[in-house]
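Peer 1: next input, structure requested:
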Amino acid sequence: MEEIDRYINKIIKGDCIENLKKIPDESIDLIFADPPYFMQTEGELLRTDCTKFQGVEDEWDKFENYKQYDEFCTQWIKECKRVMKKNASIWVIGSFQNIYRLGYIMQNMGFWILNDIIWAKNNPIPNFSGTRFQNAHETMIWCTKNSRAKYTFNYKTMKYLNNNKQERSIWNIALCTGSERLKGKDGKKIHSTQKPEKLLYNIIVSSSKPGDIVLDPFFGTGTTGAIAKMTGRNYIGLEREEEYINAAQERINKIEVIHDDVTDLNLEVKPPKVPMNKLIEFNYLKPGQEIYNKSRQKIGIIESNGYINDGEDTLSIHKMSAKYLGLTNNNGWDYFWVESNNRFIELDALRYEFQNNENIL
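Peer 2: Numbers count the residues shown, from 1 in each chain. Coordinates of the predicted model:
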């Protein structure tokens with residue numbers, strides 16, 4: 001991997017396709033691609049007070065026709081697939097103008113779609129003319145190179161970030177505004193489509209590991225690089241516009257790495273294999289001890305063999321929790337709670353205390 005080292009944590013200036021060709025085969029862990037949308041904006045966009053709205057009028061978003069746009073996308077997507085490791089994944093973002101074309105190209109190229117994620121904007125731009133619905137979302141396609149890839153998905157981390165509920169495919173995130181929006185000396189935004197940091201945080205934390213290499217072939221003002229650095233990942237940015245590169249580099253230089261349970265993926269550590277009877281053997285639990293759900297509703301008592309007796313049945317913690325939830329099966333470790341050393345503690349936490357106690361191990 002020495003050849004890839006020369007590009008790590010750098011912004012490479014120039015055409016994205018030509019620079020993608022410089023990246024070695026199967027060297028990238030994660031890609032986020034925010035390509036031109038080919039917005040085809042016609043005429044001036046005016047607010048209700050008749051002032052001009054600065055939309056996407058940049059030269060990099062202009063193509064002669066769909067044929068030229070499709071050829072461009074086919075080339076960069078092909079190169080992205082080449083540089084992806086066999087278990088890497090790629091996120092591609094777009095709007096109604098282009099996302100269906102991108103998905104068509106990617107499926108024809110053999111990519112396997114894992115999800116389409118909706119970025120629902122909390123503060124969308126109005127439809128000033130009142131002739132259409134307000135466009136309040138963008139779509140991201142999350143893919144692997146093929147259906148056999150053993151991709152990274154940090155399920156427990158994302159569940160934790162979603163108040164301990166399974167994360168859904170709709171993300172409510174505001175547009176990039178305020179101090180986060182990079183502006184030039186004239187007070188105008190530097191990049192017309194700068195993505196919010198929260199969006200990239202979710203992407204990078206959910207589908208990469210510390211130390212991974214995250215490639216962004218349309219780097220812009222460097223949101224991908226900033227979040228990659230902050231979360232302990234590496235980045236490679238491809239960008240042709242000097243103004244964007246300078247703004248991105250200045251931004252990234254100010255970023256400090258954050259180490260916490262989320263960025264370091266401590267929540268993804270598999271729970272220790274400690275049976276109930278082992279906790280009883282070492283006096284973490286006692287036969288006859290009362291056991292509860294998290295609402296402090298008493299469920300039953302603990303038997304000497306580690307099963308739970310609720311006065312009607314004697315079942316394993318998994319079967320007993322499933323009974324009270326009306327399910328066939330359930331993980332009892334994160335359902336049951338006990339009183340232990342003047343604490344009301346989740347049963348699962350006792351397993352970790354057992355594992356971390358050097359006197360026992």
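
Peer 1: can you list contacts of the longest helix anywhere in the chain?
Peer 2: Determined from DSSP state H, the single longest helix within the chain is helix 66-83. For helix 66-83, contacts defined as Cβ atoms under 8 Å, 6 or more residues apart in numbering pick out 16-17, 20-21, 23-28, 31, 33, 35-36, 38, 63, 90, 92, 98, 101-102, 105-106, 109-111, 145, 215, 217. Just so you know, the C-beta spots here come from the backbone N, C-alpha and C atoms, and that holds for glycine as well.

Peer 1: just the buried subset of those residues, written out for ChimeraX, thanks.
Peer 2: Entered in ChimeraX, the line below selects the buried ones among those, by 16 or more other Cβ atoms under 10 Å:
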select :16,20,23,26,27,28,31,33,35,36,38,63,90,92,98,101,102,105,106,111,145,215,217
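
Peer 1: can you give me the angle the helix or strand containing L30 makes with helix 66-83?
Peer 2: Taking DSSP states H and E as the definition, one finds L30 inside strand 28-33. Taking axes from the mean of the first three to the mean of the last three Cα atoms, to 10 degrees, one finds strand 28-33 and helix 66-83 inclined to each other by 160 degrees.

Peer 1: give me the contacts around strand 28-33.
Peer 2: Here strand 28-33 has contacts from 76-77, 80, 83-85, 88-93, 152, 200, 203-204, 207-209, 212-218, 224, 233, 236, using Cβ under 8 Å, 6+ apart.

Peer 1: could you list which of those residues belong to helices?
Peer 2: Mapping the contacts of strand 28-33 onto helices (DSSP H) picks out W76, I77, C80, V83, L200, I203, I204, S207, T224.

Peer 1: of those - the most surrounded one?
Peer 2: T224 (33 neighbours; other Cβ atoms under 10 Å).

Peer 1: surely that one and I213 touch.
Peer 2: No - taking Cβ atoms under 8 Å as the definition, T224 is not a contact partner of I213, at 11.5 Å.

Peer 1: ok so, going back, list the neighbouring strands of the strand holding L30 plus their orientation.
Peer 2: Applying DSSP bridges to the sheet, strand 28-33 is found paired with strand 84-94 (parallel), strand 213-216 (parallel).

Peer 1: can you add mean pLDDT and distance to I345 and give these back as a markdown table?
Peer 2: Output for the strands paired with strand 28-33, formatted as a markdown table (pLDDT from 0 to 100; distance: least, Cβ to Cβ, whole Å):
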| stretch | mean pLDDT | distance to I345 |
| --- | --- | --- |
| strand 84-94 | 97 | 37 |
| strand 213-216 | 98 | 38 |
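
Peer 1: so which of those gets nearest I170?
Peer 2: Nearest of the strands paired with strand 28-33 to I170, taken as Cβ to Cβ: strand 84-94 at 14.5 Å.

Peer 1: quick one: contacts of the closest one?
Peer 2: For strand 84-94, contacts defined as Cβ under 8 Å, 6+ apart pick out 26-35, 37, 77, 80-81, 99, 102, 106, 111, 114, 117, 119, 138-145, 149-152, 195, 203, 207.

Peer 1: got the CA positions of stretch 165-176 in CSV?
Peer 2: What follows is stretch 165-176 as a C-alpha-only set of coordinates in CSV (Å, rounded to 0.1, in the frame of the first residue of the first chain):
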residue,chain,number,x,y,z
LYS,A,165,-33.6,3.0,18.3
GLN,A,166,-32.7,1.3,15.0
GLU,A,167,-31.5,4.0,12.7
ARG,A,168,-33.9,4.6,9.7
SER,A,169,-33.2,5.5,6.1
ILE,A,170,-34.6,9.0,6.5
TRP,A,171,-32.1,11.5,8.0
ASN,A,172,-33.5,14.9,9.2
ILE,A,173,-30.6,17.3,8.8
ALA,A,174,-30.6,21.0,8.2
LEU,A,175,-28.9,22.6,5.2
CYS,A,176,-25.4,24.0,5.8
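
Peer 1: mind listing what's buried along that stretch?
Peer 2: For stretch 165-176, the buried set under the neighbour-count rule, 16+ other Cβ under 10 Å, comprises E167, W171, I173, L175, C176.

Peer 1: for the chain, what helix or strand is lowest in average pLDDT?
Peer 2: Counting by mean pLDDT, DSSP states H and E, the weakest-scoring helix or strand in the chain turns out to be strand 52-53, with a mean of 42.

Peer 1: the strand holding L30 - what's its average pLDDT?
Peer 2: Here strand 28-33 scores 98 as its mean pLDDT.

Peer 1: can you check stretch 190-199 too?
Peer 2: Mean pLDDT, computed over stretch 190-199, is 89.

Peer 1: narrow the contacts of helix 66-83 to those in helices?
Peer 2: Those of these lying in helices (DSSP H): C16, I17, L20, R101, L102, I105, M106.
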